[in-house]
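Undergrad: Below: sequence and its predicted model.
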Amino acid sequence: MSSAFNENNYSLKMEKTIQSLKKDLTTLRTGRANAAMLDMIKVDVYGQLMPINQLASISVPEARLITIQVWDQGNVNHVDTAIKKSDLGINPQIDGALLRIRIPDLTEERRKDLIKILKNIGEKNKVSIRNIRRDANEELKKILKEKEISEDENKTFEKNIQKVTDENISIIDKILTDKEKEILQV
């Protein structure tokens, strides 16, 4: 095989897409407390937007409770406001510098909304995987045109890239199915 094309680069890009999907899904509320739910929330303090985990300690002492110990008492209301403005649908209770967030049971309507969001996130990641495949195929066409690889090598590389693409799409489908079951679990 020729060294003009490195299919591992594209495989790694697809793996990074899967890791990104997993990280995105941790921010979805599933009825159980999860500190990662707060990762996307930014707080307007000190003249800039900062993630909560840079302003406070976040812990999950119970299955349906998140506690946030804010380090600077002056930022408690800013953190509270940022959480209330988020689309998580949760309201913290303030106790000095400590915020307690009870995670309520999900309503049937909210579960359906979460599944729509989940499918949307999944589809975006599948498109990313397909775009990586397209980039690989375009590079193959280019190096075939420059006669750096043979027709046979080109076909083999295309087949390998398609196989990796299919594997990654099925991994995404499995992750989405598992997350959907978690959301629907009452």
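TA: Thanks, I have the structure now.
Undergrad: Does the residue nearest to the spatial centre of the chain belong to a helix, a strand or coil?
TA: Nearest to the centroid of the C-alpha atoms of the chain, with distances taken as CA atoms, centre = their mean, sits residue 24, at 1.5 Å. Secondary structure, DSSP: H, G, I helix; E, B strand; the rest coil: residue 24 is helix.
Undergrad: OK, contacts around it?
TA: The contact partners of residue 24, by CB atoms under 8 Å, 6 or more residues apart in numbering, come to 121, 125. (C-beta placed from N, C-alpha, C; glycine too.)
Undergrad: Secondary structure element holding the residue located most distally from the centre of the chain?
TA: Distance from the C-alpha centroid of the chain, by CA atoms, centre = their mean, peaks at residue 147 (39.9 Å). Using DSSP states H and E, residue 147 sits in no helix or strand.
Undergrad: Kindly report the same for residue 18.
TA: helix 7-26.
Undergrad: buried residues in stretch 175-185?
TA: Using 16 or more other CB atoms under 10 Å as the test for burial, stretch 175-185 gives 175, 176, 179, 180, 183.
Undergrad: tell me which of the residues you listed is nearest to residue 17?
TA: residue 175 (11.3 Å; CB to CB).
Undergrad: So that closest one sits against residue 25, correct?
TA: Yes: Residue 175 is within contact range of residue 25, at 7.0 Å (criterion: CB atoms under 8 Å).
Undergrad: all helices for the chain, in order.
TA: 7-26, 76-85, 108-145, 151-184 (DSSP state H).
Undergrad: Need those in CSV (columns: distance to residue 68 and mean pLDDT).
TA: Below are the helices of the chain laid out as CSV (distance: least, CB to CB, whole Å; pLDDT from 0 to 100):
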stretch, distance to residue 68, mean pLDDT
helix 7-26, 17, 89
helix 76-85, 6, 89
helix 108-145, 22, 91
helix 151-184, 23, 92
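Undergrad: Save the ones you listed as CSV, and put in distance to residue 56 too.
TA: Below are these laid out as CSV (distance: least, CB to CB, whole Å):
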stretch, distance to residue 56
helix 7-26, 18
helix 76-85, 6
helix 108-145, 26
helix 151-184, 26
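Undergrad: and residue 97, which of the ones you listed is closest to it?
TA: Taking the helices of the chain one by one with CB to CB, helix 76-85 is closest: 5.8 Å.
Undergrad: That closest one packs against which elements?
TA: strand 42-45, strand 65-70, strand 93-95, strand 98-102 (3 or more CB pairs under 8 Å, 6 or more residues apart in numbering; DSSP states H and E).
Undergrad: if you set the cut-off to 6 Å instead, what comes out?
TA: strand 42-45 (3 or more CB pairs under 6 Å, 6 or more residues apart in numbering; DSSP states H and E).
Undergrad: Distance from the chain centre to the strand it packs on, please.
TA: Relative to its parent chain, strand 42-45 has a centroid offset of 21 Å by CA atoms, centre = their mean, to the nearest Å.
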